[in-house]
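Enquirer: give me coordinates for this.
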Amino acid sequence: MQVAGLGHSLLESAGRLDWNGLRFEPLDTVFPALTCPVQASFRTGLPPSRHGMVANGFYHADLHRPLFWEQSSGLVAGPRLWDRYRASGKKVSLLFWQQSLGEDADVILSPAPIHKHGGGMLDAVYSQPRPLYESLCRRVGRRFRLHRYWGPLASAESSAWIAEATAALLADPEQAPDLGFTYLPALDYDLQRYGPADPRGRRALAGLLAQLDMLRKACEANGYRLIVFGDYAIAPTSSAVFPNLALRRAGLLSTRPVSGLHYPDFHASAAFAVVDHEVAFVHGRDLHAAESARRVFERLDGVESILDHAGQAAAGVLHPRSGALTLVAKPGFWFAYPWWEPGEKGPDYAAHVDIHNKPGYDPCELFFGWPPFTISTDTARIKGSHGRTGPARRVAWLSTVPFARKPETLLDLAQLLRGLLEGEA
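Expert: Below is the predicted model:
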């Protein structure tokens with residue numbers, strides 16, 4: 001079970017390290033500590049420099065545009081830790097893991113809405129085998145609702161559906177996997193909205209632990225062992241940094257005014273930043289543009305580190321998708337994507353949930369805005385962020401699997417699991 005935002009310090013401050021006779025231990029996660037890089041690293045046992053999933057989205061140089069939250073498994077390079085295990089005849093499931101579509105697995109569930117030409121959306125879930133989703137809906141007693149998974153109405157309700165569907169799958173004599181991967185997002189929403197110290201974050205933690213308790217009982221009832229691990233630790237934040245606005249003011253980011261709205265022109269821009277929580281990837285047209293961008297960021301408050309290729313290599317994130325420079329925010333800061341000046345209007349998607357077109361992750365989508373049916377653009381409302389790593393950002397893990405030793409890092413845990421699976425293959 002991979003749990004979003006399950007930081008060791010969160011459990012420690014809440015006095016919840018001990019859980020049903022087990023104890024959550026600290027684990028160093030992967031840099032950048034973001035959902036897609038962590039999940040790709042766990043299932044390959046490789047760092048982002050090797051599997052290439054450096055963030056939740058990245059700049060596609062051949063298209064001249066950033067794309068976020070694309071779900072093709074082909075975006076993740078490298079062998080999977082279950083390859084030999086599955087080749088021996090075992091079944092593998094992936095429930096709500098990123099980049100799972102087209103994966104070499106037997107059971108897959110992933111949100112896959114259909115966007116209608118006339119506006120609106122068909123709420124749908126990709127299911128392999130195809131009848132499985134409808135079967136699980138009947139057994140859970142309700143359908144999965146995408147608006148509870150992301151956006152202003154996102155809540156632990158989506159995580160509860162995933163947990164209950166996982167329990168139902170484990171009890172299914174025909175579809176039950178031998179090895180299952182499930183993603184639970186229960187903590188992600190209120191920890192970002194309000195911060196880890198807010199009472200609403202503590203309530204989210206209590207709800208998550210109840211989901212894990214139900215899943216542990218399901219594992220015990222059906223002969224499974226359980227591994228739980230976090231992907232990142234969410235830390236308090238109060239200020240956004242606007243690297244693209246700084247680049248535009250320096251003449252490096254070009255924009256196109258269309259009907260009074262300002263869109264980025266990635267074809268003509270000398271430099272721009274693709275942002276993701278506390279990390280940003282800067283792409284420059286050439287070495288001169290990259291050096292000019294560096295000088296801009298050296299003067300920008302909230303930037304702690306500017307990693308060139310040598311720094312990216314040392315951090316395990318050197319890859320063409322990482323751009324010329326990688327920025328790391330100071331504690332208490334996070335990177336926001338907007339490039340427009342005060343008084344200007346951003347693109348039409350700025351005030352709407354649009355996870356694919358925005359050239360960066362936008363946590364403001366967790367809040368309603370004004371007028372009705374819009375989302376907030378007030379970055380000051382965000383009180384939690386992630387992406388950094390270090391002693392204060394360790395994640396939590398526990399297991400009923402009898403590993404020969406305790407892992408120290410998430411990659412170490414993945415390699416231990418691989419060894420166990422290959423011993424059983």
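
Enquirer: OK, contacts around the residue lying farthest from the centre of the chain?
Expert: Going by Cα atoms, centre = their mean, the residue of the chain most distant from its centre is Ser259, 33.7 Å out. Not one residue lies near Ser259 by Cβ atoms under 8 Å, 6 or more residues apart in numbering. C-beta: built from backbone N, CA, C; applies to glycine.

Enquirer: how does it look with 10 Å?
Expert: 345, 348 (Cβ atoms under 10 Å, 6 or more residues apart in numbering).

Enquirer: model confidence score at it, please.
Expert: Confidence at Ser259, expressed as pLDDT, is 95.

Enquirer: and the gap between it and Pro111?
Expert: Relative to Pro111, Ser259 is positioned 32 Å away (Cβ to Cβ, to the nearest Å).

Enquirer: again, but for Ser127
Expert: 11 Å.

Enquirer: and if you look at Gln175?
Expert: 19 Å.

Enquirer: which secondary structure elements does the host helix or strand of Gln312 contact?
Expert: Per DSSP states H and E, Gln312 falls inside helix 309-315. Packed against helix 309-315 by the contact rule (3 or more Cβ pairs under 10 Å, 6 or more residues apart in numbering; DSSP states H and E) you find helix 48-51, strand 303-307, strand 325-329.

Enquirer: output the second one in PDB with nothing but the alpha carbons.
Expert: Yep, that's strand 303-307 we're talking about. What follows is strand 303-307, C-alpha atoms only, in PDB (Å, rounded to 0.1, in the frame of the first residue of the first chain):
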ATOM      1  CA  VAL A 303      15.000  29.500  -4.300                       C
ATOM      2  CA  GLU A 304      17.400  27.400  -2.100                       C
ATOM      3  CA  SER A 305      19.300  25.400  -4.800                       C
ATOM      4  CA  ILE A 306      19.900  25.700  -8.500                       C
ATOM      5  CA  LEU A 307      21.200  22.400  -9.800                       C
END
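
Enquirer: strands paired with that strand, and their directions?
Expert: Strand pairing for strand 303-307, using DSSP bridges, gives strand 325-329 (antiparallel).

Enquirer: list the buried residues in the partner strand.
Expert: Along strand 325-329, these residues count as buried under the neighbour rule (16 or more other Cβ atoms under 10 Å): 325-329.

Enquirer: nearest to Gln98, of those?
Expert: Taking Cβ to Cβ as the measure, Gln98 lies nearest Thr326 of these, at 20.3 Å.

Enquirer: so who does the closest one touch?
Expert: Thr326 neighbours (Cβ under 10 Å, 6+ apart): 31-32, 54-55, 273, 279-282, 305-309, 311-312, 315, 317-318.

Enquirer: distance between stretch 239-258 and the chain's centre?
Expert: Distance, stretch centre to chain centre, for stretch 239-258: 25 Å (Cα atoms, centre = their mean, to the nearest Å).

Enquirer: swap in stretch 94-104?
Expert: Worked out by Cα atoms, centre = their mean, stretch 94-104 lies 13 Å from the chain centre.

Enquirer: same question for stretch 22-38.
Expert: 12 Å.

Enquirer: likewise stretch 181-191?
Expert: Centre-to-centre, stretch 181-191 and its host chain are 10 Å apart (Cα atoms, centre = their mean).

Enquirer: so Pro347 versus Leu261, what's the distance?
Expert: From Pro347 to Leu261 the distance is 5 Å (Cβ to Cβ).

Enquirer: more neighbours: which of the two?
Expert: A count of neighbours by other Cβ atoms under 10 Å puts Pro347 above the other of Pro347 and Leu261, at 21 against 16.
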